[in-house]
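Enquirer: mind folding the following:
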Amino acid sequence: MSEKAKNQGSELFEQAMKNYEQALQAGLKLQQDSARWWTEIMAQAGSPQDWQGRMNEQVLDSIPVFQKRMEETVKVVEQSSRTSLDLVKQAFEAGKADTVATAQAKMQGLWEDSLQALRTNAAAFSQQNSKWVETWVQFVPKTKPVQAARAAA
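Expert: Predicted coordinates for the structure are as follows:
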């Protein structure tokens, strides 16, 4: 395998790892935001009985919705990972080309497939993020009575 093909394969693998790292960081940020939100809710609680009642209601309402969103997000990340691995395989195949023309054709196909994967992944993650925002927007108004009750007290 030529040095150029090795470098290109290495760059492609690094890009795939970077994409995976970004998806992981997005998941961690979501967990941090969720923990911050729950901390704020618990800080607003009045008596333990009031807190327990409100939390039970909110948890029962939110768990199925958040679980569904998390499952959808995992599917998007898994699909993105599979696509990235397919591109890595395609890059190694391009490095095994017998002729320059074949190598060029394989590399062009690899770049086209990489760009399509980038578009597809960006759209999928954008759509999934929109769903998360919609979920939070629907859920947050339920906490306003908690905030209003605390302000009144």
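Enquirer: which helix or strand contains the spatially most central residue of the chain?
Expert: What sits nearest the mean C-alpha location of the chain, by C-alpha atoms, centre = their mean, is Ala23, with 4.5 Å. The secondary structure element spanning Ala23 is helix 3-43 (assigned by DSSP states H and E).
Enquirer: which is the succeeding secondary structure element to that helix?
Expert: As assigned by DSSP H and E, the chain's next helix or strand after helix 3-43 is helix 48-95.
Enquirer: just how off-centre is the helix holding Ala23 within its chain?
Expert: Taking C-alpha atoms, centre = their mean, to the nearest Å, the mean C-alpha location of helix 3-43 is offset from the chain mean by 8 Å.
Enquirer: same question for stretch 118-133.
Expert: Chain-centre distance of stretch 118-133: 8 Å, with C-alpha atoms, centre = their mean.
Enquirer: got the contact list for it?
Expert: By C-beta atoms under 8 Å, 6 or more residues apart in numbering, the list of residues contacting stretch 118-133 from outside reads Asn19, Ala23, Ala26, Leu30, Arg69, Glu72, Thr73, Val76, Gln79, Ser80, Thr83. Placement of C-beta: from N, CA and C, glycine included.
Enquirer: return a ChimeraX selection command for the buried portion of those residues.
Expert: ChimeraX command restricting the contacts of stretch 118-133 to the buried ones, with burial defined by 16 or more other C-beta atoms under 10 Å:
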select :19,23,26,30,69,73,76,80,83
